[in-house]
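Enquirer: Output the structure for:
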Amino acid sequence: MDFEIVMQELEALGKERTKKTYISNGAHEPLFGVATGAMKPIAKIIKKNQPLAEQLYATGNYDAMYFAGIIADPKTMTQADFERWIDSAYFYMLSDYVVAVTLAETDIAQVVADKWIASGEELRMSAGWSCYCWLLGNRPDSEFSASKLASMLEQVENTIHDSPDRTKSAMNNFIYTVAISYVPLHEKAVETAKSVGPVEIKRDKKKSSILQASENIQKEIDRGKLGFKRKYVRC
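Expert: The predicted structure follows:
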């Protein structure tokens, strides 16, 4: 499939209701409103194709950008490529669920994520923290430094309530992910969650949402999910 055919296929899969949902979450035109599950048959045909992924991502069309993440070949992407992708990621579903996910399949993931976390920019920070969540939920505990992650938990505890909203959400998820997926720091993450307490996320024209890492951690423990690891980062 070439670029034009993929765009035609995506447009044909678009649903107005899905489009409205994406827009309510921060997407803007151009977009078709394609459910992510509906993209899988096309992805199975294409498999990995980085040149095509680059063409699709450059369109600025949300559905094309999301699909680009599905067919990207992360191992061929450089740090400069990821900087270019995050520059175009204009809301969290791109920064956290396309760019961060793709980055999590590379050997440079922690280096790039660390840089983004230190950037002071909301979506870069969000992508950086999210990338660690994808990494922790997939890779063996032995690939991480316990002291580094402990320091990151302390950073979250000290800064989360003063951080931008999308960064708050990713930080909250980081606490939860360490508690469930990185067993060596389970207790510290549980204590961090208790210390942080409720995290308020403000939303435009919507009621604020309250995130509670402690509650989510306990739910997963009750389900026997302590130590959970995904087989794959991308579906």
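Enquirer: Where does pLDDT dip in this structure?
Expert: Confidence mapping of the chain against pLDDT under 70 gives the ranges 235.
Enquirer: 80 - rerun?
Expert: Applying pLDDT under 80 to the chain flags residues 203-206, 234-235.
Enquirer: Pull out the buried positions in stretch 161-177.
Expert: By neighbour count on 16 or more other C-beta atoms under 10 Å, the buried set for stretch 161-177 is 163, 165-177. C-beta: built from backbone N, CA, C; applies to glycine.
Enquirer: residues in contact with that stretch?
Expert: Here stretch 161-177 makes contact (C-beta atoms under 8 Å, 6 or more residues apart in numbering) with 92, 95-96, 122-123, 125-130, 132-133, 136-137, 152-153, 156, 159-160, 189, 192-193, 196, 199, 201-203, 211, 213, 216-217, 220.
Enquirer: Now, these that are in strands?
Expert: 199, 201, 202, 203, 211 (DSSP state E).
Enquirer: My understanding was that the last one contacts residue 202; is that so?
Expert: By that I understand residue 211. No. The criterion here is C-beta atoms under 8 Å, and residue 211 misses it with residue 202 at 11.8 Å.
Enquirer: Which of the buried residues of stretch 161-177 sits closest to residue 144?
Expert: Using C-beta to C-beta, residue 177 is the member of these that lies nearest residue 144, at 11.4 Å.
Enquirer: Tell me what angle the host helix or strand of the closest one forms with strand 199-203.
Expert: Per DSSP states H and E, residue 177 falls inside helix 165-181. Helix 165-181 and strand 199-203 meet at an angle of 140 degrees, taking axes from the mean of the first three to the mean of the last three C-alpha atoms, to 10 degrees as the criterion.
Enquirer: please begin residue numbering at 722 from this point
Expert: Sure, I'll start counting at 722 from here, so that last one is helix 886-902.
Enquirer: hang on, isn't residue 767 packed against residue 792?
Expert: Yes. Residue 767 is in contact with residue 792 according to C-beta under 8 Å; the separation is 5.1 Å.
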